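Asker: Provided below are the primary sequence and the corresponding predicted coordinates.
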Amino acid sequence: MDSESMNQRLSRITTRWSLVCQAHSGAKQTASDAQLQLLQRYGGAIQRYLLGALRNAEAAEELSQEFALRFIRGDFHGVDPERGRFRDYVKTVLFRLVANYQKQRQVQPRPLVSEVAAAETGDADNDFLDSWRRELLDLAWEELADLEKKTGQPFHAVLRLRIEYPEGEMTSAQMAEHLSKQLGKRYTADGVRKTLQRAREKFAELLLDDVLHSLDSPTLEQLEQELRDLGLLGYCRPVLERRSQ
């Protein structure tokens, strides 16, 4: 399995710190609900990573259950957002689970994912960061599609069409004609231009919110640095500047 596939699986291990804190709160039912949400959201990614690392379905299932057990009993309670992102912490836990499993069974250790990536690309951190960036973009697209369904405004359709056909390949009038046929509703060139502008703004807002929620009450400078590290500042700068006023 190549490093890109591994990174794509690991990139889905993300969280919102508010939910992590809630998962280990004193209210038993609240904590249980939050823990269930976290495991449902990230359990599939964890299972896929373990399967790829071990090449053994039974072993992957065993370690997946071990991860879930450790999470539920509170092993993550001491996680401090100031000492690193939650996704990085989970990645470290998974690497240790795999290493311990191999050691206990006295098998020849397989290279850890980070070592494989480093050998193939020379920069595992950049590989993982790139996969995380793509995950945030995919999530923003999904949310834009949901917004289109709720409002009836073709934000997702218009923005996707413009990306598929840049301005030099399709005019606003041609876009309007295409969308009218695709969606069964009449659109004008002027209407498409206005909708496209709003779609870009909505996409940037959704993307910014997803990045914001992955951090723990960041300052404006910390949020901007995170966007810069992820290569997303160009998408979100206008919205960020507007919100900071």
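Answerer: Right, received. Where do you want to start? Residues are numbered from 1 along each chain as shown.
Asker: give me the number of residues near S244?
Answerer: Applying other C-beta atoms under 10 Å, we find 9 residues neighbouring S244. C-beta here means a position set from N, CA and C on the backbone, and glycine is covered the same way.
Asker: do the same with E177
Answerer: Neighbour count of E177, defined by other C-beta under 10 Å: 17.
Asker: nearest residue to Q174 other than its sequence neighbours?
Answerer: Y165 (8.0 Å; C-beta to C-beta, 6 or more residues apart in numbering).
Asker: what sits against V211?
Answerer: If you count contacts by C-beta atoms under 8 Å, 6 or more residues apart in numbering, V211 has them with 136, 223, 226-227, 230, 232, 236.
Asker: re earlier: state the distance from the residue nearest to Q174 to V158.
Answerer: Plainly put, Y165 is 11 Å away from V158 if you go by C-beta to C-beta, to the nearest Å.
Asker: Quick check: neighbours shared by the two?
Answerer: M175.
Asker: Those two: who's more crowded?
Answerer: Counted by other C-beta under 10 Å, Y165 and V158 do not tie: V158 has more neighbours, with 27 against 14.
Asker: Would you agree the more buried one is in contact with K194?
Answerer: No - in this structure, V158 is not within contact of K194 by C-beta atoms under 8 Å, at 9.8 Å.
Asker: Which of the contacts of V211 fall within helices?
Answerer: Among these, DSSP state H puts 136, 223, 226-227, 230, 236 in helices.
Asker: Could you work out the most separated pair of the residues you listed?
Answerer: L136 and L223 (13.2 Å; C-beta to C-beta).
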